[in-house]
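Undergrad: need coordinates for the below:
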Amino acid sequence: MLFCFLILKLPQTAHLCVKPFDEIMRGVKMEDKMSKSKEQVMDLKPTQFAVGMMEVSTKISKLKDQKDPDSFLKDHPVPVVKSSFGVFIVDHHHLVRACWEIGIKKVYVEIIADLGELNPQDFWKEMQKKNWTYLHDQFGNGPHPPEKLPQDIRGMADDPYRSLSWAVREEGGYEKDHTPFSEFHWAEFFRKKINDVSDFHHAVKEALRLCSLPEAKKLPGAITQKS
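TA: Model (predicted):
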């Protein structure tokens, strides 16, 4: 079967504003949107160093509960960027990792940009300019050179503060926001305030309290006014 893609070809001199994936797609007519194709999970390259394994575990459970996992994955395609040296994930890292954990070998992808004409150095400049990569590690250190990113989904480390950030959002501490890597911004905020997350339940309670601080209101998805 032949698949047709709407591919954004970017010349080396292109300068695009930062837009989340949903905003990129919002102005595209339904009939012109990208067809979905399947890619091997192990062929997809991460654009971040870490995930929150608690969120991964939840996605594993959700996948196992699906009567038709393939249809579920088709409804949740992974946005990717093509390069001359691989296909890079720009969102849904946790879903892809969950698929690998339970042996799902392929996922649906949608190409949101084709940067195949750029050399590696210019490719990473574009990726960073559009906030399509997050170069801090599971300890909050960075930014690291993009060449140090894991080669595949298995190499992403567990960041417990990323799990904390996800859990706080689930508890209503802040709202889901389409700013790229917004959960990592919250994770770094909590990392600076909470020294120990080994008692995770206590850490979530403390983090929820921190969400009301004035400095937290600057973070993506912050709840500034209760209804």
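
Undergrad: just the pLDDT for the residue at minimal distance from the centre of the chain.
TA: Nearest residue to the geometric centre of the chain (CA atoms, centre = their mean): residue 91, 3.3 Å. For residue 91, the pLDDT comes out at 96.

Undergrad: so what are the domain limits for this protein?
TA: 21-157, 160-211 (automatic domain parsing).

Undergrad: could you dump those to CSV with distance to residue 222?
TA: Bear in mind the C-beta positions are built from the backbone N, C-alpha and C, glycine included. Below are the domains of the chain laid out as CSV (distance: least, CB to CB, whole Å):
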stretch, distance to residue 222
domain 21-157, 18
domain 160-211, 5
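
Undergrad: out of these, which gets nearest to residue 223?
TA: When those are compared by CB to CB, domain 160-211 sits nearest residue 223, at 5.9 Å.

Undergrad: ok, residue 51 touching residue 97?
TA: Yes: between residue 51 and residue 97 there is a contact under CB atoms under 8 Å: 5.6 Å.

Undergrad: between these two, which contacts overlap?
TA: residue 156 (CB atoms under 8 Å, 6 or more residues apart in numbering).

Undergrad: quick check: which ranges of this protein have low pLDDT?
TA: Within the chain, the ranges that satisfy pLDDT under 70 run 1-35, 225-227.

Undergrad: and residue 113, backbone torsions?
TA: Main-chain dihedrals, residue 113, degrees, to the nearest 10: phi -160, psi 150.

Undergrad: so what's the residue count around it?
TA: Neighbours of residue 113 under the rule other CB atoms under 10 Å: 23.

Undergrad: name whatever forms a beta bridge with it.
TA: residue 81 (DSSP bridges).

Undergrad: for it, give its distance to residue 127.
TA: 9 Å (CB to CB, to the nearest Å).

Undergrad: likewise for residue 162?
TA: Distance of residue 162 to residue 127, computed by CB to CB: 20 Å.

Undergrad: between these two, tell me which one has more neighbours.
TA: Taking other CB under 10 Å, residue 162 and residue 127 do not tie; residue 162 has more neighbours (28 against 21).

Undergrad: work out for me the element residue 164 sits within.
TA: According to DSSP states H and E, residue 164 maps onto helix 160-170.

Undergrad: distance from that helix to the middle of the chain?
TA: 14 Å (CA atoms, centre = their mean, to the nearest Å).

Undergrad: contact partners of that helix?
TA: Residues from elsewhere that reach helix 160-170 (CB under 8 Å, 6+ apart): 50-55, 138, 140, 174-176, 183-184, 186-188, 190-191, 194, 197, 200, 203-204, 207-208, 211, 221.

Undergrad: count the neighbours of residue 145 for me.
TA: Residue 145: 9 surrounding residues under other CB under 10 Å.

Undergrad: now the one 5 residues further on
TA: With neighbours defined by other CB under 10 Å, the count for residue 150 comes to 15.

Undergrad: now do the helices in this structure.
TA: 21-26, 53-64, 69-75, 93-101, 120-129, 160-170, 182-193, 200-210 (DSSP state H).

Undergrad: closest one to residue 152 among these?
TA: Smallest distance to residue 152 across the helices of the chain (CB to CB): 8.5 Å, for helix 93-101.

Undergrad: correct me if wrong: the residue nearest to the centre of the chain contacts residue 78.
TA: Yes: with contact defined as CB under 8 Å, residue 91 counts as touching residue 78 (7.1 Å).
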